[in-house]
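Engineer: Have a look at this prediction, sequence included:
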Amino acid sequence: MKRGISSGVPKERVKKVIRVYLCVILILLGYYLLVTNIDIGVNCIFRRLTGLKCPGCGSTRAVLCILRGDWAGSFKQNLMLIPELTFVGWAAVYSTVNFLKTGRGGLNVKPDRAAYVFLAVLLIWWVVRNLI
């Protein structure tokens, strides 16, 4: 089994991680092009059924605001977008490092205090955003 340049990580694992991240980037780019050019977005099923906003409602519009440099507009669309993206980024890095070290795939983020605190804040946000 060939190893990485200096890390001792098998090259096959590194190649697999690169392929996964490239696929994710292509999917996000495709979604971005659909939303910006054809005005097709994902409608929230929860909001359609209940009339209430879920924690992710407004995330697409918030990301588009950030890409235009409109941070205030982003926060208006979804105040929790930055914490959500931070958590997703942490989970991706954690899972990637775990896979590179062990070869075990999947989203293997072990629940710890940070994850529980984030979940609690997200649930509180879910309630509060529907009251204001």
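Structural biologist: Ah, there it is. Residues are numbered from 1 along each chain as shown.

Engineer: Tell me how far Thr96 lies from Trp71.
Structural biologist: 28 Å (CB to CB, to the nearest Å). Glycine gets a C-beta too; all of them are placed from N, C-alpha and C.

Engineer: If you could redo that for Thr60, that was the one I meant.
Structural biologist: Distance from Thr60 to Trp71, by CB to CB: 16 Å.

Engineer: Any regions of this structure where pLDDT drops low?
Structural biologist: Within the chain, the segments meeting pLDDT under 70 span 1-7, 106-111.

Engineer: Okay, helices next: where are they in it?
Structural biologist: All helices of the chain, identified by DSSP state H, fall at 11-33, 45-50, 59-67, 71-77, 81-102, 113-131.

Engineer: Can you spell out which helices and strands pack onto the longest one?
Structural biologist: Helices and strands in packing contact with helix 11-33 are listed as helix 81-102; criterion 3 or more CB pairs under 8 Å, 6 or more residues apart in numbering; DSSP states H and E.

Engineer: chain center to the helix it packs on, what's the gap?
Structural biologist: 9 Å (CA atoms, centre = their mean, to the nearest Å).

Engineer: Please list the residues outside it that contact it.
Structural biologist: 7, 9, 13-14, 16-17, 55-56, 58-59, 62-63, 66, 74-75, 78, 104-109, 114-115, 118, 121-122 (CB atoms under 8 Å, 6 or more residues apart in numbering).

Engineer: Buried residues in that helix, which are they?
Structural biologist: Buried residues in helix 81-102, counted by 16 or more other CB atoms under 10 Å: Leu81, Glu84, Phe87, Ser95, Asn98, Phe99, Leu100.

Engineer: No further queries at this time; thank you.
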